[in-house]
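Asks: just coords:
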């Protein structure tokens, strides 16, 4: 009698693993962009890319700026790795694998009073994520996963060059790059508004990536609340229902139009958009283990339409019902 090992027919080669991972990640791409991406994010990026000569200029600057930022960070910040902040490195690795991107280089910078994180990426260089020490100190491990997932979302959605372009237009790079101030002086105000609109829309896409990478969706929501008050004195308890009521007060006054100057949506708007994403079909194609039989889910088109009512400053409406 010939004995055979039933596992002999199983392909355990690395190439088979890569092929399987590629199939999974490609199943979540639609028209070259992730299926969870906010529609306004893509539409506005296409309009920016159509500006004659502007995208090549931004790409050329990004290809210089990102490697320089990485070298400067290497001089002054702490690089995360398997033997340096291994818990952070594990989160980065998990988020990258879930979204199907390469593992970014991560640095922790000394900025105790700044609660922030940033992604630096181009088409021609390895991606980089910066996490401030203030952020690392003030968030829980679950909230940190939401932060890192969000930054991986910037990489996954190819936001890098557009982010650099937005910084060019909105002045933050003018000091660092000789001659750029004169070039940007020729940029019209409508283009500046367009970049701010795109920047706000891009954050919604990345908030969705943060949820996809999270252990629990609630971490993303409490993170946004912390960004509103800085987690002062490490106070952890936040009443989310009370936070959401601030949106109703916001809608009752034209002062909300001051948001047109913002590059990020207000945190309370982002929380509402996140809650809509929790009711969407696309989320549970990424996280099927979260789905329950009693859920009534909405499609991608309806999801984006609902989010637009909260995210759009000029057209936002009072909330439909209590979520």
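Replies: Sure thing, it's come through. Given the structure is predicted, the values throughout are model-derived calculations rather than measurements.

Asks: Just give the number of residues close to residue 305.
Replies: Counted with other Cβ atoms under 10 Å, the neighbours of residue 305 add up to 13. No exception for glycine: its C-beta is placed from N, CA and C like everyone else's.

Asks: Just list the residues touching residue 39, thanks.
Replies: Neighbouring residues of residue 39 by Cβ atoms under 8 Å, 6 or more residues apart in numbering: 300, 304.

Asks: Repeat the analysis, applying 7 Å as the threshold.
Replies: Going by Cβ atoms under 7 Å, 6 or more residues apart in numbering, residue 39 touches residue 304.

Asks: Which pLDDT value belongs to it?
Replies: Looking at residue 39, its pLDDT reads 94.

Asks: again with residue 84
Replies: We have a pLDDT of 96 for residue 84.

Asks: got any ranges where this structure has weak pLDDT?
Replies: Residue ranges of the chain with pLDDT under 70: 1-25, 124, 170-190, 232-236, 251-257, 314-323.

Asks: Show me where it has its helices.
Replies: Along the chain, counting by DSSP state H, helices occupy 14-26, 39-49, 54-76, 86-99, 133-138, 141-156, 160-169, 180-184, 189-213, 218-229, 240-251, 267-277, 281-286, 300-311.

Asks: mind listing what's buried in the last one?
Replies: Neighbour-count burial for helix 300-311 flags 300, 303, 304, 306, 307, 308, 309, 310, 311 (criterion: 16 or more other Cβ atoms under 10 Å).

Asks: Please name every helix or strand in contact with it.
Replies: Where contact means 3 or more Cβ pairs under 7 Å, 6 or more residues apart in numbering; DSSP states H and E, helix 300-311 is packed against helix 189-213, helix 267-277.

Asks: Please apply the same query to the third one.
Replies: The helices and strands touching helix 54-76, judged by 3+ Cβ pairs under 7 Å, 6+ apart, are strand 105-109, strand 128-132, helix 160-169.

Asks: picking that back up, could you export the helices and strands packed on helix 300-311 as JSON lines, including mean neighbour count?
Replies: Formatted as JSON lines, these follow (neighbours: other Cβ atoms under 10 Å):
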{"stretch": "helix 189-213", "mean neighbour count": "22"}
{"stretch": "helix 267-277", "mean neighbour count": "22"}
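
Asks: Which one, of those, ends up nearest to residue 105?
Replies: Among the helices and strands packed on helix 300-311, the nearest to residue 105 by Cβ to Cβ is helix 189-213 (17.7 Å).

Asks: what's the angle from that closest one to helix 160-169?
Replies: 140 degrees (axes from the mean of the first three to the mean of the last three Cα atoms, to 10 degrees).

Asks: Columns distance to residue 41 on top of the helices and strands packed on helix 300-311, output as TSV?
Replies: Below are the helices and strands packed on helix 300-311 laid out as TSV (distance: least, Cβ to Cβ, whole Å):
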stretch	distance to residue 41
helix 189-213	4
helix 267-277	12
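
Asks: which stretch among those helices comes nearest residue 68?
Replies: Ranking the helices and strands packed on helix 300-311 by proximity to residue 68 (Cβ to Cβ) places helix 189-213 first, at 21.9 Å.

Asks: helices and strands around that closest one, which ones?
Replies: Using 3+ Cβ pairs under 7 Å, 6+ apart, the elements in contact with helix 189-213 are helix 39-49, helix 86-99, helix 141-156, helix 160-169, helix 218-229, helix 267-277, helix 281-286, helix 300-311.

Asks: Please find the angle between the direction vectors of the third one and helix 189-213.
Replies: Taking the same axes, to 10 degrees, one finds that helix 141-156 is oriented at 130 degrees with respect to helix 189-213.

Asks: just the second one next, same as before
Replies: Per the same axes, to 10 degrees, the angle that helix 86-99 makes with helix 189-213 is 100 degrees.

Asks: Repeat that for the last one.
Replies: The directions of helix 300-311 and helix 189-213 differ by 120 degrees, with the same axes, to 10 degrees as the criterion.

Asks: Please name the residues that touch the most centrally placed residue in the chain.
Replies: Residue closest to the mean C-alpha point of the chain, counted by Cα atoms, centre = their mean, is residue 206 at 2.5 Å. Contacts here follow Cβ under 7 Å, 6+ apart; on that basis residue 206 touches 150, 153, 154, 157.
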